[in-house]
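Trainee: kindly return the folded structure for what I paste below:
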Amino acid sequence: MIRARQAILTLFLIQIAALASFQQALADGQIIIASRETETSVSPGPPGARLINLPELEFSLRAVVKCKGDPSSVTISIADTVSTLGREALEDDRSSETTLTVPPTQLPLAASSRFCVAGDTATADEMLVPGLATAHASLRCQNGERESVHFANTQLNLRLKCVREPLEPQVESASSSDR
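Mentor: Purely as a prediction, here's the structure:
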């Protein structure tokens, strides 16, 4: 858990440094979005299968916002799953966290013939799928009569872990116990 928090903090610092090095025309506001690596378990697929069906996935996201004026809302989406944080959720914080639960019908299939194949223990039991999907964020800022909208996105990484059935314990024969 500590490593995940350090990774997100490092990602934010890198993104903030990148933003600071640009003279941006977006002086009214900025948004940065980051995601923790998501992890899920899958069962072995049949021999010869190249596609891995994914279960429903939860993505933890953090948005860091800066407005000239007041933030009105932050909308975050992954595929067709959308969450909007209203003004109340943004009032006192420069960052907000949310979790989006994305159904498998909105996710692409992962592809690998060398991961988690039933009956083949030589196939990998863990696989990283970088950039499985993308999270998009938009920030609305209100400054008097002027409203501005700012956008950001980040790739989502998924770590798959294979859950194989444990091997049946070997039963000793009566002749081996007599020795």
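
Trainee: tell me the contacts of residue 119?
Mentor: Neighbour list for residue 119: 44, 47 [criterion: CB atoms under 8 Å, 6 or more residues apart in numbering]. Yep, even glycine has a C-beta here, placed from its N, CA and C like the rest.

Trainee: would you list every one of the helices in this structure?
Mentor: 2-20, 87-90, 174-177 (DSSP state H).

Trainee: need the contact partners of the second one.
Mentor: To tie it back to what came earlier, the one meant is helix 87-90. Contacts for helix 87-90 (CB under 8 Å, 6+ apart): 65, 70, 71, 72, 73, 74, 96.

Trainee: just the buried members of those residues?
Mentor: Buried members of those, scored by 16 or more other CB atoms under 10 Å, are 65, 71, 72, 73, 74, 96.

Trainee: farthest-separated two in those residues?
Mentor: Spanning the widest gap among those are 72 and 96, at 13.0 Å by CB to CB.

Trainee: and residue 122, backbone torsions?
Mentor: Backbone torsions for residue 122, taken as degrees, to the nearest 10, come to phi -80, psi -10.

Trainee: what's the answer for residue 165, then?
Mentor: Torsion angles, degrees, to the nearest 10, at residue 165: phi -70, psi 140.

Trainee: for the residue lying closest to residue 153 once chain neighbours are set aside, give its distance to residue 73.
Mentor: In space, and not counting its chain neighbours, residue 153 is closest to residue 136: 4.7 Å by CB to CB, 6 or more residues apart in numbering. From residue 136 over to residue 73 the distance is 14 Å, taken as CB to CB, to the nearest Å.

Trainee: all strands for the chain, in order.
Mentor: Applying DSSP state E to the chain gives strands spanning 29-35, 38-42, 51-52, 57-67, 70-78, 81-85, 95-102, 110-111, 126-143, 146-162.

Trainee: export the ones you listed to a markdown table and tack on mean pLDDT and distance to residue 118?
Mentor: Output for these, formatted as a markdown table (pLDDT from 0 to 100; distance: least, CB to CB, whole Å):
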| stretch | mean pLDDT | distance to residue 118 |
| --- | --- | --- |
| strand 29-35 | 90 | 31 |
| strand 38-42 | 94 | 11 |
| strand 51-52 | 87 | 12 |
| strand 57-67 | 93 | 22 |
| strand 70-78 | 93 | 30 |
| strand 81-85 | 94 | 31 |
| strand 95-102 | 92 | 26 |
| strand 110-111 | 84 | 16 |
| strand 126-143 | 93 | 16 |
| strand 146-162 | 94 | 10 |
